[in-house]
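In: fold the following.
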Amino acid sequence: MAKSDLGIDLGTATFVVYQRGKGIIIEEPSVVAIDKNKKNMIAIGKEAKDMLGKTPDQIQIIRPVQDGVIADPNIIEEVLRYFIKKSNSRGFGLYKPSLIIGIPALTTDVERRAVKEAAARVGASKVFLISEPLAAAIGSEIDIAEPNGHMVIDIGGGTTDIAVLSLGGCVISETIKVAGETMDQEIVKYIKRRYKFFIGEATAERLKTEIGKAHPSEENFETEVKGQNLKTGLPSSIVINSEDILNAIRPVLNEIINKIKNILEKTPPELSADIMMNGLIVVGGTARLRGLDKLISEQTGIKTHIPEDPHLTCAKGTGILLENIELLNKVQVS
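Out: This next block holds a predicted model:
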């Protein structure tokens with residue numbers, strides 16, 4: 001494969017691009033701004049996200065991947081074109097790249113075909129699609145080609161993908177539409193209910209990231225947030241702490257853990273023994289929540305590991321496949 005080849009994670013919350021031989025070159029929020037009159041993309045990533053709530057009528061802010069589903073393949077085509085153009089602008093050449101694209105586990109055959117066709121239209125010479133949990137496992141440095149069972153829990157923005165992997169493929173794989181964005185929504189509801197105070201989901205996401213925790217033993221932090229006092233209707237500010245965030249997201253955490261237990265119950269005994277020995281791997285942006293590994297380990301009785309930079313594991317996995325043709329041929333890539 002050539003140095004212009006790219007590995008791409010089309011995540012619900014974040015787009016991440018890996019350049020062969022260079023590593024991660026793009027990490028941007030999965031948000032796009034569209035000019036409705038001209039029907040073209042005018043901004044992507046942080047630039048588009050900063051426009052939320054501030055745009056005139058002709059500009060629409062879109063999340064191309066929602067709840068683990070590719071909502072608009074036409075926008076994905078523009079996104080892929082942007083990635084290729086930006087990688088070329090970094091001096092990586094003008095060759096037609098091969099692409100390995102990590103896609104949500106819920107993606108249908110029709111959506112997969114649309115992504116491959118979009119990639120071909122923007123100049124890709126070859127396109128390989130791989131499910132995000134499988135790519136994340138590879139990016140976590142798991143040797144998935146061996147007859148050895150591993151469980152990967154990918155808690156992203158829109159969905160939680162839970163997969164039992166062995167011999168290069170998914171033995172059991174299930175997805176629930178409960179993840180980081182659900183937590184943000186629950187934080188908004190909790191603060192509104194308890195403090196009669198209204199904040200936006202962007203503020204809720206910041207609270208979760210900066211002071212949130214998943215286990216009671218984690219250190220308690222607090223921060224001031226601005227919003228609307230619902231009693232007076234006026235702009236105001238209050239102090240929120242880590243315990244507030246934990247109380248808000250606890251139902252979401254419980255739902256994820258119950259699904260993990262459910263998958264463990266369905267796992268064949270031989271693979272269950274492997275998982276007990278190997279432990280659980282938790283990846284995705286929400287895996288950065290403090291104490292999450294401790295909570296899952298306590299609730300399941302299985303040691304739990306969160307790799308460094310868990311939100312980048314899928315893109316790193318596509319990068320490993322770009323560098324390792326033998327592994328690419330072994331794993332079940334579409």
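
In: F197 is in contact with V239, isn't it?
Out: No. If you go by Cβ atoms under 8 Å, F197 and V239 don't touch, sitting 10.6 Å apart. C-beta here means a position set from N, CA and C on the backbone, and glycine is covered the same way.

In: okay, helices next: where are they in the protein?
Out: 46-49, 73-87, 109-121, 132-139, 180-195, 201-211, 242-266, 269-278, 292-300, 313-323, 325-330 (DSSP state H).

In: relative to K38, which of those helices is closest?
Out: Nearest to K38, of all these, is helix 73-87, at 12.2 Å by Cβ to Cβ.

In: what's the burial count for K46?
Out: Per other Cβ atoms under 10 Å, the neighbour tally for K46 reads 12.

In: quick one: contacts for it?
Out: K46 makes contact with E28, P29, according to Cβ atoms under 8 Å, 6 or more residues apart in numbering.

In: ok so, going back, which of the helices of the chain sits most buried?
Out: helix 132-139 (a mean of 30; mean count of other Cβ atoms under 10 Å).

In: so what touches that helix?
Out: Defining contact as Cβ under 8 Å, 6+ apart, one finds that helix 132-139 is touched by 9, 11, 100, 102-105, 144, 150, 152, 154, 156, 161-163, 165, 169-170, 173, 281, 283-284, 307, 312-321, 327, 331-332.

In: for the most centrally placed residue in the chain, what are its contacts?
Out: For the chain, G156 is the residue whose C-alpha lies nearest the centre (Cα atoms, centre = their mean; 3.5 Å). Contacts for G156 were tallied using Cβ under 8 Å, 6+ apart; they are G11, T12, A13, G68, E132, A179, G180, G284, G285, T286.

In: minimum pLDDT in those residues, which residue is that?
Out: Lowest in pLDDT among the contacts of G156 is G68, which has 75.

In: I'd say that one and T108 touch.
Out: No. Under the criterion of Cβ under 8 Å, G68 is not in contact with T108, lying 11.0 Å apart.

In: between those two, point out the one with more neighbours.
Out: Using other Cβ under 10 Å as the criterion, G68 and T108 rank with G68 on top: 24 against 10.

In: grab the nearest non-local neighbour of that one.
Out: T159 (3.4 Å; Cβ to Cβ, 6 or more residues apart in numbering).

In: return the set of residues that bridge with the nearest residue to F198 once chain neighbours are set aside.
Out: Nearest residue to F198 in three dimensions, chain neighbours excluded: Q228, at 4.4 Å (Cβ to Cβ, 6+ apart). Counting by DSSP bridges, Q228 is bridged to F198, P235.

In: okay, Q228: pLDDT?
Out: We have a pLDDT of 97 for Q228.

In: which sections of the chain are below the confidence cut-off?
Out: For the chain, the stretches with pLDDT under 70 are 1-3, 89-95, 332-334.

In: care to break it down by domain?
Out: 6-136+313-330, 144-178+252-307, 181-248 (automatic domain parsing).

In: how far does the last one sit from the chain's center?
Out: The one in question is domain 181-248. Distance, stretch centre to chain centre, for domain 181-248: 22 Å (Cα atoms, centre = their mean, to the nearest Å).

In: gap between the two ends of that domain?
Out: The straight-line separation of the ends of domain 181-248 (Cα to Cα, to the nearest Å) is 13 Å.
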